[in-house]
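Student: What follows is a protein structure lacking sequence information:
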């Protein structure tokens with residue numbers, strides 16, 4: 001799972017993975033049009049890393065390659081892990097007043 005988290009360390013790869021979470025297959029060109037700041041060549045390089053990490057599937061159809069999220073592989077494990085960490089976490093409570101350090105300094109609200 002460490003390889004998957006390493007692959008997700010890059011914000012562009014995280015964005016690409018988010019584009020694939022709806023279950024649809026996309027080509028590198030389609031992904032590049034949704035991420036205009038990234039060239040198709042760069043998208044292809046990122047997809048190769050995501051595929052090597054087991055996060056996306058690649059389906060070849062003639063000269064085209066289509067990518068989809070591999071929810072049964074490490075991507076599913078990553079999503080489950082993150083959901084356990086963040087999905088059930090309650091938001092931090094709002095502070096009710098100055099903390100102990102502020103009270104010691106004599107700060108007032």
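Tutor: Yes, it's here. What you see is a predicted model; the values in this text were computed from it and never measured. Residues are numbered from 1 along each chain as shown.
Student: buried ones in the helix or strand containing residue 51?
Tutor: Using DSSP states H and E, the element containing residue 51 is helix 40-52. Within helix 40-52, the residues that count as buried by 16 or more other Cβ atoms under 10 Å are 43, 44, 46, 47, 49, 50, 51. Where C-beta positions appear, they are placed from N, C-alpha and C, glycine not excepted.
Student: Tell me the one of those residues nearest residue 25?
Tutor: residue 47 (11.9 Å; Cβ to Cβ).
Student: quick one: low-confidence ranges for this structure?
Tutor: In the prediction, the chain carries residues with pLDDT under 70 at positions 1, 88-109.
Student: ok, back up a step: pipe the buried residues of helix 40-52 into CSV and attach distance to residue 6 per row.
Tutor: CSV is the format used below for the buried residues of helix 40-52 (distance: Cβ to Cβ, whole Å):
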residue, distance to residue 6
43, 19
44, 19
46, 13
47, 15
49, 9
50, 11
51, 14
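Student: among the residues you listed, which two are most distant?
Tutor: For these, the farthest-apart pair by Cβ to Cβ is 43 and 51; their separation is 12.2 Å.
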